[in-house]
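Colleague: I'd like to go over a predicted model; first the sequence, then the structure.
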Amino acid sequence: MGYAQIYKSWAEDPEGFWLSAAGGIDWVTKPGRALDDSRAPLYEWFTDARVNTCWNAVDRHVIAGRGKQPAIIHDSPVTGTKHVITYAELQDRVARLAGALRAKGVDKGDRVIIYMPMVPEALEAMLACGRIGAIHSVVFGGFAAAELAVRIDDCTPKAIIAASCGIEPARVVHYKPLLDAAIDQATHKPDFCVIFQREQEVARLTPGRDVAWHEFQYGVTPAECVPVEGNHPAYILYTSGTTGAPKGVVRPTAGHLVALNWTMRAIYNVGAGDVFWAASDVGWVVGHSYICYAPLIAGCTTVVYEGKPVGTPDAAAFWRVINEYGVKSFFTAPTALRAIKREDPEGKLVPPLPSLQALFLAGERADPDTIEWAARHLGVPVIDHWWQTETGYAIAANPFGIEHLPVKIGSPSVAMPGYDVQVLDEGGHPVSAGTLGAIAIKLPLPPGTLPTLWNAEERFLKSYLNHFPGYYETGDAGYVDAEGYLYIMARTDDVINVAGHRLSTGAMEEVLASHKDVAECAVIGVADELKGQSPLGFLCLNKGATRPHDEVVKECVQLVRDKIGPVADFKRAVVVERLPKTRSGKILRATMVKIADSQPWKMPATIDDPAILDEIAEALRSLGLARG
């Protein structure tokens with residue numbers, strides 16, 4: 001069947017569709033039903049089933065006779081090392097780590113934070129938690145201590161698994177001091193920490209709390225797979241909220257398995273034995289879904305790449321990996337391609353790529369120039385698709401394994417089975433084709449998507465379900481054309497997208513406002529050719545502040561780096577006398593963005609003092625912006 005027939009089959013019988021998809025998973029107790037709507041609008045899936053994630057990602061492939069097949073290829077140009085781990089080796093390594101965790105008192109339902117770089121041990125830690133029913137929460141390696149502390153207090157882990165350091169092309173990132181500072185700041189204290197010592201930096205262990213990775217596992221009894229209920233959380237992944245407080249997205253075990261397994265063939269057209277590579281990081285949702293879980297559930301070989309698109313050593317790095325390992329489907333963010341394109345605009349470093357069938361893009365809006373450059377030089381379909389941390393996999397995509405639909409540049413194509421995507425006006429009414437509105441998904445969301453937020457059910461309802469009753473509010477704005485193709489145009493809140501990473505401007509404003517000289521501030525995301533968006537701060541200083549403005553700006557930039565981390569890419573701020581506001585006191589951020597990006601804009605009818613926008617434009621021009 002083609003896409004239209006498959007989507008129709010889901011729409012007419014969602015229960016039958018997902019029970020059929022569940023046939024691709026090994027169950028301890030098979031589900032008798034798919035949807036549990038007993039607590040609507042808080043829907044759950046496969047709640048009567050029992051299953052284990054690690055069994056489906058590792059053990060069943062060994063039992064099927066593919067133990068010698070590579071499961072993980074670790075390629076690390078920053079350390080000059082390469083390493084292949086077979087499924088049989090992975091089973092042994094994960095079972096021993098799971099046994100060590102259990103011996104130290106980690107049981108089903110306990111939380112474990114993982115704070116590691118792009119090394120196989122990060123995946124092993126995730127899978128080991130799943131093996132014994134523990135709930136992991138991966139925090140992006142190198143995240144600032146304050147951000148890590150917030151996550152420690154929210155999910156209250158029994159243990160933290162961390163590496164001694166991360167490796168960047170020009171420096172070593174010291175993880176252990178950040179971890180120590182975070183634990184000092186946090187109210188909750190873990191029982192113990194496991195430290196994976198890297199030869200580039202051996203960390204000092206805290207007596208009585210820390211234990212080295214290899215010592216921790218010495219002489220332990222390997223753990224078997226523990227069955228869990230279908231709605232048991234597999235992991236918690238924190239995403240930025242508009243208030244600056246992170247939201248703990250919960251991923252349910254059974255729906256996660258069923259949905260990810262379905263996507264590997266239907267969207268990416270890969271299966272057992274194929275090599276799949278998602279060039280992301282385990283700290284983000286792409287790393288969870290498509291570096292760790294989905295490729296292994298499907299029996300693929302997954303590539304764990306510890307490097308950059310450029311600079312390790314050059315703009316041909318991605319193409320070298322694809323050819324060296326025979327990658328069939330490749331997944332990255334548009335920002336990575338922009339970096340490569342900037343270094344190699346003529347595509348002279350792109351060799352023939354005989355193994356590659358398609359390039360998939362996600363994480364931010366893919367600009368036409370980048371898509372056209374990639375299609376021209378790679379010679380394969382370039383497929384944009386759209387999803388969120390909350391959903392865990394594609395809401396809209398071009399289902400390459402079902403039918404390669406015509407590509408419309410600027411659109412992530414069409415809704416996938418499970419998603420009834422609609423565009424609504426502010427009153428919650430569907431709008432006509434081609435009309436811009438809020439993108440929402442009719443409930444229930446499909447299996448594997450978030451059923452709630454960790455310990456924050458009311459916040460879940462308020463953040464996603466209350467605005468449009470009966471719908472999940474995506475927070476994105478866009479439209480659907482006459483042929484059903486979706487176009488994502490902008491965020492409807494103040495979360496900005498920097499190199500595929502969603503970051504809260506509110507969190508940055510909180511940090512800036514803590515500076516002793518700053519009376520008021522605002523942060524917007526301005527267009528950036530390489531990273532999609534880049535944060536820019538506006539600072540109103542306290543009356544009587546006499547220090548040079550450049551000193552204050554420098555301190556504020558460093559403050560954001562210390563409190564949020566380098567991932568925020570906060571490098572620019574400007575001192576202004578006042579901020580443009582409505583009469584009710586709302587800062588006109590959207591108008592400021594348009595001025596900064598040299599886009600057409602209209603004077604807001606509710607503005608308190610129109611002259612302020614002239615002052616903002618002048619400040620932006622001093623930074624080389626607002627040239628229009």
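Modeller: Ah, there it is. Numbering: from 1, shown residues only.

Colleague: burial of the nearest residue to Val523 once chain neighbours are set aside, as a residue count?
Modeller: Spatial nearest neighbour of Val523, excluding adjacent residues (C-beta to C-beta, 6 or more residues apart in numbering): Thr505 at 4.1 Å. C-beta coordinates here come from the backbone N, C-alpha and C atoms, glycine included. Here the number of neighbours of Thr505 (other C-beta atoms under 10 Å) works out to 23.

Colleague: Now for Gly392: which residues touch it?
Modeller: Shown in contact with Gly392 (C-beta atoms under 8 Å, 6 or more residues apart in numbering): 251, 256, 259-260, 285, 288-289, 448-450.

Colleague: My error: substitute Pro351 in the last question.
Modeller: Listed by C-beta under 8 Å, 6+ apart, the contact set of Pro351 reads 316, 319, 323.

Colleague: For Glu426, state which of those residues is nearest.
Modeller: Proximity to Glu426 was ranked across those by C-beta to C-beta; first place goes to Trp319, at 46.2 Å.

Colleague: hang on, the closest one in a helix?
Modeller: Yes - the assignment for Trp319, made by DSSP: H, G, I helix; E, B strand; the rest coil, places it in a helix.

Colleague: ok, so what distance separates it from Tyr305?
Modeller: Using C-beta to C-beta, to the nearest Å, one obtains 13 Å as the distance from Trp319 to Tyr305.

Colleague: of these two, who's got more company?
Modeller: For Trp319 versus Tyr305, neighbours defined as other C-beta under 10 Å are more numerous around Tyr305 (25 against 22).

Colleague: Contacts only, for the more buried one.
Modeller: Taking C-beta under 8 Å, 6+ apart as the contact definition, Tyr305 lies against 75-76, 118, 277, 279, 321.

Colleague: Buried among those? Need that as a selection in PyMOL.
Modeller: One line in PyMOL is enough to select the buried members of the contacts of Tyr305, burial here meaning 16 or more other C-beta atoms under 10 Å:
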select buried, resi 75+76+118+277+279+321
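
Colleague: Tabulate the contacts of Tyr305 (a markdown table), appending distance to Leu579.
Modeller: Supplementary listing: these in a markdown table, determined by distance: C-beta to C-beta, whole Å:
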| residue | distance to Leu579 |
| --- | --- |
| Asp75 | 47 |
| Ser76 | 45 |
| Met118 | 40 |
| Trp277 | 44 |
| Ala279 | 39 |
| Val321 | 46 |
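
Colleague: mind listing the strands for the stretch 101-250 of the chain?
Modeller: Along the stretch 101-250 of the chain, counting by DSSP state E, counting those that start in this stretch, strands occupy 111-115, 135-138, 159-163, 165-168, 171-174, 192-196, 210-212, 228-229, 233-239, 247-252.

Colleague: Report the mean confidence score over stretch 54-74.
Modeller: Model confidence over stretch 54-74, given as mean pLDDT, is 98.

Colleague: list the buried ones in that stretch?
Modeller: Taking 16+ other C-beta under 10 Å as the criterion, stretch 54-74 shows 54-62, 66-67, 69-74 as buried.

Colleague: Show me what it is in contact with.
Modeller: Residues lying outside stretch 54-74 but in contact with it, judged by C-beta under 8 Å, 6+ apart, are 25-26, 81-91, 94, 98, 119-120, 123, 127-128, 130-131, 225, 257, 261, 272-273, 275, 292-293, 296-297, 299, 301-304, 306, 325.

Colleague: List the buried residues of the longest helix anywhere in the chain.
Modeller: Secondary structure assigned by DSSP state H gives helix 87-103 as the longest helix of the chain. By neighbour count with 16+ other C-beta under 10 Å, helix 87-103 contains the buried residues 87-102.

Colleague: re earlier: neighbour-wise, which one of the contacts of Gly392 leads?
Modeller: His256 (30 neighbours).

Colleague: That residue against Val51, yeah?
Modeller: No - with the criterion set as C-beta atoms under 8 Å, His256 and Val51 do not qualify as a contacting pair; they are 9.8 Å apart.

Colleague: Pretty sure Ala186 sits against Asp153.
Modeller: Yes - between Ala186 and Asp153 a contact is recorded at 5.1 Å, counting by C-beta under 8 Å.
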